[in-house]
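Peer 1: Give me coordinates for this.
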Amino acid sequence: MMMRWMHPLVIDDAVRACATCGVYRDWIVFCMRDDSVWLCCRAGHQVHEPRLDAAWYNRNSGPVDYWHPSLEDGLRHLGH
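Peer 2: Residues are numbered from 1 along each chain as shown. This is a model prediction of the structure:
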């Protein structure tokens, strides 16, 4: 599953920034089948975020409204 996170992402009282490009807002947040959470910045850099889990994702994502046939289709739908 994936969702867009437009605001700064605060984890453990610190704003999460991309280690590669420094962006700190407009993330795509992925919750994978193994319940891990991955982040993708606007530039396409991806990183596993071990401080977030499926429970956090479910509390913040809202209901699933659409299943995309591919990752690329989902990213296009979310504006990335």
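Peer 1: I'd say residue 74 and residue 29 touch.
Peer 2: No. Residue 74 is not in contact with residue 29 according to C-beta atoms under 8 Å; the separation is 11.8 Å. C-betas here are computed from N, CA, C, even on glycine.
Peer 1: what touches both of these two?
Peer 2: residue 2 (C-beta atoms under 8 Å, 6 or more residues apart in numbering).
Peer 1: Of these two, give the one with the bigger neighbour count.
Peer 2: residue 29 (21 against 18; other C-beta atoms under 10 Å).
Peer 1: buried sites along the lowest-mean-pLDDT helix or strand in the chain?
Peer 2: Lowest by mean pLDDT, DSSP states H and E among the helices and strands of the chain is helix 71-77, with a mean of 74. The neighbour-count check on helix 71-77 (16 or more other C-beta atoms under 10 Å) flags 74-75 as buried.
Peer 1: and it, how far from the chain's centre?
Peer 2: 13 Å (C-alpha atoms, centre = their mean, to the nearest Å).
Peer 1: in the chain, which residue is closest to the centre?
Peer 2: residue 29 (0.9 Å; C-alpha atoms, centre = their mean).
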